[in-house]
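1. Pasted the sequence and its predicted model underneath.
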Amino acid sequence: MKNNLLLITFDSCRFDSFAQAKTPNISRLGSAERRYSYASWTVPSHAVYLLGASPHTSPKGVFASEVYKNDFKKWGGRLNIPDISFKGFVPRLSLPAFLKEHGYKTNALVSMPVLNQTTILNNHFDRYQLMKCHHDFNAIIDNLIFEKDKPSFYLLNVGETHYPYIIPGESADDLPRISGVHGVFKHMDDLVVGGGEEKEDRFFDMDQMRALHDKQRKNVEYLDGLFEKLYEVVPPNTHIMVMSDHGELFGEEGYFGHGPIVHEKVLEVFFVEGRIK
Ligand SMILES: [Zn+2]
């Protein structure tokens with residue numbers, strides 16, 4: 001029997017925020033590794049994950065082609081399908097296309113508006129949905145449907161770890177609106193509904209940076225709590241991969257956030273995979 005597959009991204013979750021959080025439920029899948037994303041922001045990073053590549057370990061003394069080859073071979077064990085290789089993904093280089101060919105129902109439930117269903121990422125998906133709330137993993141879990149006679153693939157993009165690092169019921173009114181980080185789509189709303197006066201963006205001081213970093217860690221613990229519910233919903237033959245799409249800067253060298261930043265901390269990500277033990 002082929003395994004179901006969940007590929008879960010904690011958006012913007014920095015490696016140390018995850019490493020410092022208590023995650024007893026996620027740890028049931030395996031231990032978290034330090035890895036590196038191929039991209040420093042949401043869309044290109046998800047594009048790479050959707051072609052079937054995982055965050056890398058930055059190995060030295062080896063050709064890139066070898067690294068890709070070994071990375072793609074891992075799909076065999078994850079999916080319980082023998083003899084998978086990089087060749088099986090050529091020429092389309094698409095994980096959802098590959099899975100559809102193997103009889104999977106392909107689904108995406110995403111939190112970040114930049115990943116919405118009208119983007120180039122929505123290819124070879126049977127179902128692709130931008131969640132109403134951009135930080136509600138609990139609602140995502142409520143929307144999972146597994147079929148008896150067909151394996152399922154789910155891309156789940158989780159927003160509680162993205163700025164402004166809030167969970168349902170919390171408000172971000174006391175935090176600045178940051179254009180390009182959580183601003184662009186809200187600005188579009190303003191154009192349509194005539195929005196209020198724009199608050200001027202101000203940069204955070206180091207105390208605020210520390211508080212934001214700590215809130216990201218706390219939200220990882222909140223998400224870990226929801227994994228208990230997730231494990232009750234997913235069938236036992238499900239391979240689960242959890243990772244961040246990129247890291248986040250909290251004041252190092254004058255940077256905040258991610259995207260147009262060249263810094264190790266924006267590429268450093270956590271990576272956990274396995275089946276529920
Ligand atoms: Zn992201």
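-> Perfect, I can see it now. Numbers count the residues shown, from 1 in each chain.
2. can you pull out the helices in the stretch 151-277 of the chain?
-> All helices of the stretch 151-277 of the chain, identified by DSSP state H, counting those that start in this stretch, fall at 184-193, 206-233, 264-267.
3. Is it possible to get TSV of these that adds mean pLDDT?
-> Below are the helices of the stretch 151-277 of the chain laid out as TSV (pLDDT from 0 to 100):
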stretch	mean pLDDT
helix 184-193	47
helix 206-233	96
helix 264-267	97
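4. Run through who's touching stretch 15-24.
-> Stretch 15-24 has contacts (CB atoms under 8 Å, 6 or more residues apart in numbering) with 10, 32, 34, 161, 213, 216-218, 220-221, 224, 244, 247-248, 265, 268-270. The C-beta positions use only the backbone N, C-alpha and C, and glycine is treated the same way.
5. Over to stretch 106-124?
-> 11, 42-43, 46-47, 50, 92, 94, 96-97, 99-100, 125-131, 133-137, 140, 143-144, 152-159, 162, 184-185.
6. still on that earlier bit, and the contacts of stretch 15-24, which are buried?
-> Buried by 16 or more other CB atoms under 10 Å: 10, 32, 161, 213, 216-217, 220-221, 224, 244, 247-248, 265, 268-270, out of those.
7. how about those residues, which pair is most distant?
-> Farthest apart among the buried ones among the contacts of stretch 15-24 by CB to CB are Asp224 and Lys265. That separation is 21.7 Å.
8. Per-residue confidence, the residue of the chain found nearest the ion, what does it come out as?
-> Residue of the chain nearest the ion, by CB to the ion: Thr42 (3.1 Å). Here, the pLDDT recorded for Thr42 equals 98.
9. ok, it - contacts?
-> Contacts of Thr42 by CB under 8 Å, 6+ apart are 11-12, 112, 114-115, 245-246.
10. what about Leu6, which SS state?
-> Following DSSP: H, G, I helix; E, B strand; the rest coil, we place Leu6 in the strand state.
11. My understanding was that it contacts Val234; is that so?
-> Yes. Using CB atoms under 8 Å, Leu6 is in contact with Val234, at 6.7 Å.
12. got a markdown table for the helices of the stretch 151-277 of the chain, with distance to Tyr38 too?
-> Formatted as a markdown table, these follow (distance: least, CB to CB, whole Å):
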| stretch | distance to Tyr38 |
| --- | --- |
| helix 184-193 | 23 |
| helix 206-233 | 22 |
| helix 264-267 | 8 |
